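S.K.: Sequence first, then the predicted structure, then my questions.
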Amino acid sequence: MTRNCHLSVQQTPWVSFGAAAPRSIPLVILILGVGMLAMMAVGSVIAAIAPTSQAAYGIGLLVFVASLFTAGVWTPVPLMSDQMREVVSYTPLGAMTQQLTAAWFGGEIKPVAFLVMTAWLIVCASISTRLFRWR
């Protein structure tokens, strides 16, 4: 006697790991897209100002590790001091983390965090467009 159990693609990860499903999947996708573009714009600025590809790799790695810290990978943001949380909220991945948490668990958007991500995207894309040199 076998049971026929079918889970949709959306349900499988949440059932497997016991995690809560996102309240607003379209909002989560939007936030991931804007955050990804903001980080790509930061990387473009690094590529535009670095003198060599090896220097760009080194600078990019330092920025990446610092970004992981601001996203709460090593120290969860709620455990940081008030001053550090304030600083983290104005970084691209820090704002993205706040946004994803709000969208995932509350199904809402935080306007300030969304504006921070958008500002990083626009400013860094503008800077890299002006500074990038083709060889």
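M.R.: Perfect, I can see it now.

S.K.: in this structure, which spans are helices?
M.R.: When secondary structure is read from DSSP state H, the chain shows helices at 12-17, 25-49, 53-70, 82-88, 92-106, 111-131.

S.K.: now, of those helices, which is deepest in the fold?
M.R.: Stretch with highest mean neighbour count among those: helix 92-106 (a mean of 21; mean count of other Cβ atoms under 10 Å). (Glycine included, C-beta is placed from N, CA and C.)

S.K.: Ala71 and Gly94 touch, don't they?
M.R.: Yes: with contact defined as Cβ atoms under 8 Å, Ala71 and Gly94 form a contacting pair (6.3 Å).

S.K.: Now for those two: what residues contact both?
M.R.: Residues touching both Ala71 and Gly94 by Cβ atoms under 8 Å, 6 or more residues apart in numbering: none at all.

S.K.: Name the nearest residue to Val123, ignoring sequence neighbours.
M.R.: Ala41 (7.9 Å; Cβ to Cβ, 6 or more residues apart in numbering).

S.K.: Please apply the same query to Cys124.
M.R.: Closest residue in space to Cys124, ignoring its immediate chain neighbours: Ala41 at 3.5 Å, by Cβ to Cβ, 6+ apart.
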